[in-house]
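Student: Using only what follows, build the 3D model:
(chains A and B)
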Amino acid sequence: DAKTTQPTSMDCAEGRAANLPCNHSTISGNEYVYWYRQIHSQGPQYIIHGLKNNETNEMASLIITEDRKSSTLILPHATLRDTAVYYCIVRDSGGTYKYIFGTGTRLKVLA
Amino acid sequence: NAGVTQTPKFRILKIGQSMTLQCTQDMNHNYMYWYRQDPGMGLKLIYYSVGAGITDKGEVPNGYNVSRSTTEDFPLRLELAAPSQTSVYFCAIKTRGTDTQYFGPGTRLTVL
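Tutor: Sure, this is the predicted structure:
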């Protein structure tokens, strides 16, 4: 099964960039990496996804290494409202449409 | 929540009782998912469906049943509730052409 590994928790000062790493060494060649976040007990919210190239949208940037075995989500100017659990996920490698969420990274943005 | 509706929002069950968690979507998406999230933990996939009449097991299917008779509805059934099923249950849909999932607001279930 495709799996991801993330640090359990991170702190970031408000206004600074938050860099959240993820390892996905078993990712298949045509599988995307997806990032979601979950604030309090709400349903996870989609942030960004990518395949090979770096991606940017209004919420974040995604940097994927050339070998695709890891990626980094960047929140360029973290605010207190970015405090959440961030999940990096990939599709299950068995060719199904199952998605494996790990335990995520609990990001705390400090004032 | 991208048109994903879950009911009820909260429920308390006694051990051995049964119930159905409802999930409805109004955007004709084929792919639907049920996840559970235990306190302080990540999401675990229970069951998923790739279209009406087609369902498959996820990581933690034991103790649950699903059906998908229509595109809109994907109910999750607990037949004999156990304390280990105390959790928050999220339903999600996947949009066509992408793997992006959109989640409902969740159902918080407590089994006593």
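Student: The lengthiest strand in chain A close to chain B?
Tutor: Longest among the strand segments of chain A by residue count, using DSSP state E, is strand A:84-91. Yes - Strand A:84-91 lies within reach of chain B by C-beta under 8 Å from any C-beta of the partner chain, at A:85, A:87, A:91. The C-beta positions use only the backbone N, C-alpha and C, and glycine is treated the same way.
Student: got a winner among these for most neighbours?
Tutor: A:Tyr87 (26 neighbours; other C-beta atoms under 10 Å in any protein chain shown).
Student: show me what contacts that residue?
Tutor: For A:Tyr87, the contact set (C-beta atoms under 8 Å, 6 or more residues apart in numbering or on different chains) comprises A:6, A:35-38, A:44, A:101-102, A:104, B:42-43.
Student: isn't B:Arg68 right up against B:Gly53?
Tutor: Yes - if you go by C-beta atoms under 8 Å, B:Arg68 and B:Gly53 touch, sitting 6.2 Å apart.
Student: coming back round to it: as JSON lines, the contacts of A:Tyr87 with pLDDT would be great.
Tutor: Formatted as JSON lines, the contacts of A:Tyr87 follow (pLDDT from 0 to 100):
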{"residue": "A:Gln6", "pLDDT": "94"}
{"residue": "A:Trp35", "pLDDT": "95"}
{"residue": "A:Tyr36", "pLDDT": "95"}
{"residue": "A:Arg37", "pLDDT": "96"}
{"residue": "A:Gln38", "pLDDT": "95"}
{"residue": "A:Pro44", "pLDDT": "93"}
{"residue": "A:Phe101", "pLDDT": "83"}
{"residue": "A:Gly102", "pLDDT": "79"}
{"residue": "A:Gly104", "pLDDT": "92"}
{"residue": "B:Gly42", "pLDDT": "88"}
{"residue": "B:Leu43", "pLDDT": "92"}
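Student: closest point of chain A to chain B, which residue?
Tutor: Nearest residue of chain A to chain B (C-beta to the nearest C-beta) works out as A:Gly43 at 3.0 Å.
Student: quick one, which of B:Arg68 and B:Gly53 is more surrounded?
Tutor: B:Arg68 (20 against 11).
Student: thinking again about what came up before, which ones are touching the residue of chain A closest to chain B?
Tutor: B:1, B:90, B:92, B:103-106.
Student: same deal with A:Ala60?
Tutor: Contacts of A:Ala60 by C-beta under 8 Å, 6+ apart are A:35, A:47-48, A:73-76.
Student: Mind checking which of these are in strands?
Tutor: Per DSSP E, the contacts of A:Ala60 map to strands at A:35, A:47-48, A:73-75.
Student: Secondary structure element for the spatially most central residue of chain B, which one?
Tutor: With distances taken as C-alpha atoms, centre = their mean, B:Trp34 lies nearest the centre of chain B, 3.1 Å away. For B:Trp34, the host element (DSSP states H and E) is strand B:31-37.
Student: That strand pairs with which strands?
Tutor: Paired neighbours of strand B:31-37 in the sheet (DSSP bridges): strand B:43-51 (antiparallel), strand B:87-94 (antiparallel).
Student: so how far is the next helix or strand after the last one off the chain centroid?
Tutor: Read that as strand B:87-94. Downstream of strand B:87-94, the next assigned helix or strand under DSSP H and E is strand B:101-103. Between the centre of strand B:101-103 and the centre of its chain there are 12 Å (C-alpha atoms, centre = their mean, to the nearest Å).
Student: can you check stretch A:66-78 too?
Tutor: Distance of stretch A:66-78 from its chain centroid, counting by C-alpha atoms, centre = their mean, is 7 Å.
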